[in-house]
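>>> sequence? don't have it. structure:
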């Protein structure tokens, strides 16, 4: 979810909508608002699919949240590091505190 609405905010918005739009026109207003939200979701999905298609292979699992520059760069660096040469696993050396001797 993009918005963090609680019950109080939703109730306040409903009361505000009833005052501004009026109880007679509120059902039609809700239908129109739902159509707009559905159309916006469709546009966002289409834009995301076109972006995936234009970026090419390796971006099949792209999500809009991944387009945050920090997230995008981190994901690409992690992928590049995973493809690099395998690093040998080194066991950390045990160190003795000289004060204990």
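Right, received. Where do you want to start? What you see is a predicted model; the values in this text were computed from it and never measured.

>>> quick one: contacts for the residue nearest the centre of the chain?
For the chain, the residue nearest the mean C-alpha position is residue 65 (3.0 Å; Cα atoms, centre = their mean). Residues counted as contacts of residue 65 (Cβ atoms under 8 Å, 6 or more residues apart in numbering) are residue 71. The way it works is simple: take the backbone N, C-alpha and C, and place the C-beta from them, glycine included.

>>> Could you report the distance from it to residue 74?
12 Å (Cβ to Cβ, to the nearest Å).

>>> Just give me how far the lowest-mean-pLDDT helix or strand in the chain sits from the chain centre.
Least confident element among the helices and strands of the chain, by mean pLDDT, DSSP states H and E: helix 69-83 (a mean of 79). Averaging C-alpha positions (Cα atoms, centre = their mean, to the nearest Å) puts helix 69-83 16 Å from its chain's average.

>>> quick one: buried residues of that helix?
Neighbour-count burial for helix 69-83, with 16 or more other Cβ atoms under 10 Å as criterion, is recorded at no position.

>>> Stretch 42-55 too?
By neighbour count on 16+ other Cβ under 10 Å, the buried set for stretch 42-55 is empty.

>>> chain center to that stretch: distance?
What separates the centre of stretch 42-55 from the centre of its chain is 15 Å, taken as Cα atoms, centre = their mean.

>>> what does it rub up against?
Residues outside stretch 42-55 that contact it (Cβ under 8 Å, 6+ apart) are 59, 60, 62, 63, 64.

>>> Select the longest helix from the chain.
Scanning the chain for the longest helix, with DSSP state H as the assignment, gives helix 26-55.

>>> Rounded mean pLDDT for it, please.
The predicted model gives helix 26-55 an average pLDDT of 89.

>>> If you tally nearby residues, what's the number for residue 61?
8 (other Cβ atoms under 10 Å).

>>> let me fix that: residue 66
13.

>>> How about the contacts made by it?
Counted by Cβ under 8 Å, 6+ apart, residue 66 has contacts 72, 75.
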